[in-house]
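*Asks:* okay, predicted coordinates and the sequence, questions at the end:
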Amino acid sequence: MKLSTHEKNAPANSTFSHNTVGDVFDFIVCGAGSSGSVVAARLAEDGNASVLLLEAGGDDQSETVSNPAQWPLNLGSQRDWGFVGQPAPGLDGRRLPLSMGKGLGGGSSINVMVWARGHKEDWNHFAAEAGDDAWGYESILHYYRRIEDWQGAADPVRRGTRGPVHVAQPSSPQPIAQALLSAASAMGVPIFDSTNGEMMEAPGGASIAELRIRDGKRESVFDSYVRPLLSRSNLTVITDALVTRLILDGTRVRGVEAVIDGQPRRFMAYCETVLSLGAINTPKVLMQSGIGPENEVHSHGIPVVQHLPGVGRNHQDHIAFGCTWAYRKPEAIGGSGCEANIYWKSDARLSQPDILQCQLEFAVPSPAETGLETPEHGWTMFNGLAQPKSRGRLRLSGPNAGDPVLIDPNSLSVPEDMAAALAAVELCRELGNSEGFSPLVTGETAPGTRDKAGMIDFIRRSAVTYWHQTSTAKMGRDNMSVVDNELKVYGIEGLRIADASVMPRITTGNTMAPCVVIGERAADLIGNSHGLSAQRELVVPFV
C-alpha cells in the first residue's frame, strides 16, 4: 500500500537512470519504527529533499493498536515479526519468543507505551564508547527537550513541552500502582514525581509510569512524526515492502532492493540510505549484502564486501521474571496496564540501577515449564535485569530474504546475571508481600517461598523478555564496532544505521524513547552533511 504518491525524476547530476533502475530519491529510510519514522520525517521537513520510507509490515489501522488495553493481542499476530530464540542453556534449554513490531510505528505500535529515556550513565557510556560528547547525557537532554510534549510538572532543564511526542502520566493511577509506591517508600526506595526527571540521574527510585497515550488512545512514533507530513509531495511511504539487500557499487551503497506484492523492486538513493530495521533485521540485511563477519558471510556463498566482525554480535535484551499475586477481588486496569515502575540496584556499589521492575495490573501466566498456576485475577511484577552482562549473537541460516535469522540470546549465561536476578526477585517478593498490598491481594502465587536452588530453578524456567533487543551493530571505536559516532557504517559509504542496533549497551528501562533520540540524532547528522535547512526546533502538530 502506498500512503502518498510521489514520483521524482532522478536529480540532474545523478548517475542513475530513473527509467532503467526504478525510483530515485535523495534519501531512503528502511523501517518505519521508533527510529526510522523520526529520520524520515525530519529529513522530509526540508521540502527540497525527497524521502522514501519503506516498511515491511502493514498499516496501523486496528483497534489492537489504538486501544492501549489491547496491546497483548498484537503479540504473535501479523503485527509481530514473531522471532524465536535458539535453545538457551541458561534457560534450561528453552526457546524465548522475541516479539518485535512489524508495521507502521514498529514496536511503538504494539508495545506497553512506557516512555523511559535511559539513565544518565547509559548516555555517558555511549559518549565514551563513541568518543563523542554529543552522545553524552547533557547533549541528550537537549534532544529530549526538543522531542517531548510533557504534560506533567514543569522541569525546564530535563523536560520539553513543545515537541511532537505527547508524554503523560495516568491521571488517576489504580490502587495497586499507589500501593507499589507506598511499599517501595517503606523499604527506603526514593519516590519521584517523574520517571524521566531526576530519577534517571539517581541511584534508583520508584514512580508512576509515563505513557504514550493521548485522549485514551495509543500514539505511536509514526503518528507523532510521519502522519502529519503525509500530504507532502516529497515524502513517500510504502508498506508491505520487505527490504532484502543493499545495492552496492564497490563499497558505496546506491540503494536497496525490496519485495513488494511478491515482485522485486529497486530504489536508488542519491544521497544516503538509512537502515532502521531493528536489532534483528538490520544485521540480517547487512550480512546478506556482504557486510559482516567474513566467515559468517562467506559460509553462505555471499561475496564479502566489508569484513565487520561485530555485525550480529553483542545482542542484548532485558530479561524478566514474573512474580504474581492474586487479587481479593477483580481490580480495574488502567491505561496500558502498566502504571508504576521501579529502578534499583542489586549491589549498592554499582554506578546505576541494574534492576528494572514494571508493575502490570493483570496476572501474566508463567511459562508452562514452571508448573505454576496463574490466578484469574491478580497482578504481576515484570521484574528483571536492566543491565544484563550476558551477550548473544545472530547467525544467518542462508543467503536469501526468506531464510530466518538464528538468534542465540545466551540469556543468564554469566554468574553476575543470576546474582542480579536473585536480588530482583527477592526485592519483588519483599514488596509484594508487604502490608501495603494486604488490602488488595490474598497472597503470592509465583514464585512462592523456595530455597536458593529452587529460586534459581524458577528464574531459569520463568524468564521471558521485555522485547527490548539491542546492540547488534554497535557504535564505538573497537574492532567489534559497526558504526562510528556519526552512525556511518565502517568501510561503507552512503549508509548509516539508526535504530537500537547501534546502542553499545542496552539502556536502563524501556527502549522506545532512546530509539527516538537515535532517530533525531541521525537526522541531524544527515541534515548537516547535506545542507538541509529544516529548523530542528519545528513543532510538528498532532492530527
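*Replies:* The structure has been received and is ready for your questions.
*Asks:* show me where this structure has helices.
*Replies:* Counting by DSSP state H, the chain has helices at residues 18-21, 36-44, 63-66, 120-130, 137-147, 175-186, 221-225, 278-288, 294-298, 415-432, 452-462, 512-530.
*Asks:* out of these, which gets nearest to Ile506?
*Replies:* Closest approach to Ile506 among the helices of the chain is made by helix 120-130 (8.2 Å; CB to CB). Placement of C-beta: from N, CA and C, glycine included.
*Asks:* which elements pack onto the closest one?
*Replies:* The helices and strands touching helix 120-130, judged by 3 or more CB pairs under 8 Å, 6 or more residues apart in numbering; DSSP states H and E, are helix 137-147.
*Asks:* if we use 10 Å, what do you get?
*Replies:* Counting contacts by 3 or more CB pairs under 10 Å, 6 or more residues apart in numbering; DSSP states H and E, helix 120-130 is packed against helix 137-147, helix 512-530.
*Asks:* helices or strands up against the first one?
*Replies:* For helix 137-147, the contact count by 3+ CB pairs under 10 Å, 6+ apart identifies helix 120-130, strand 165-167, helix 221-225, helix 512-530 as packing neighbours.
*Asks:* deepest of these, which one?
*Replies:* helix 221-225 (a mean of 28; mean count of other CB atoms under 10 Å).
*Asks:* avg pLDDT for that one?
*Replies:* Averaged across helix 221-225, pLDDT comes to 98.
*Asks:* that older thread, any chance of the helices of the chain in JSON lines, with distance to Glu198 too?
*Replies:* What follows is the helices of the chain, written out as JSON lines (distance: least, CB to CB, whole Å):
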{"stretch": "helix 18-21", "distance to Glu198": "53"}
{"stretch": "helix 36-44", "distance to Glu198": "26"}
{"stretch": "helix 63-66", "distance to Glu198": "33"}
{"stretch": "helix 120-130", "distance to Glu198": "10"}
{"stretch": "helix 137-147", "distance to Glu198": "12"}
{"stretch": "helix 175-186", "distance to Glu198": "16"}
{"stretch": "helix 221-225", "distance to Glu198": "25"}
{"stretch": "helix 278-288", "distance to Glu198": "30"}
{"stretch": "helix 294-298", "distance to Glu198": "44"}
{"stretch": "helix 415-432", "distance to Glu198": "21"}
{"stretch": "helix 452-462", "distance to Glu198": "32"}
{"stretch": "helix 512-530", "distance to Glu198": "16"}
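*Asks:* what's the most buried one of those helices?
*Replies:* helix 36-44 (a mean of 30).
*Asks:* same for that one, what does it pack against?
*Replies:* Contacts defined by 3+ CB pairs under 10 Å, 6+ apart place helix 36-44 against strand 23-30, strand 51-54, helix 221-225, strand 235-238, strand 263-275, helix 512-530.
*Asks:* then the first one to PDB, C-alphas only?
*Replies:* Taking only C-alpha atoms (Å, rounded to 0.1, in the frame of the first residue of the first chain), the coordinates of strand 23-30 have been written out as PDB:
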ATOM      1  CA  ASP A  23      12.600   5.200  -8.400                       C
ATOM      2  CA  VAL A  24      15.300   7.600  -7.300                       C
ATOM      3  CA  PHE A  25      15.100   9.600  -4.100                       C
ATOM      4  CA  ASP A  26      17.500  11.700  -2.200                       C
ATOM      5  CA  PHE A  27      17.200   9.600   0.900                       C
ATOM      6  CA  ILE A  28      15.900   6.100   1.600                       C
ATOM      7  CA  VAL A  29      14.900   5.100   5.100                       C
ATOM      8  CA  CYS A  30      14.200   1.400   5.700                       C
END
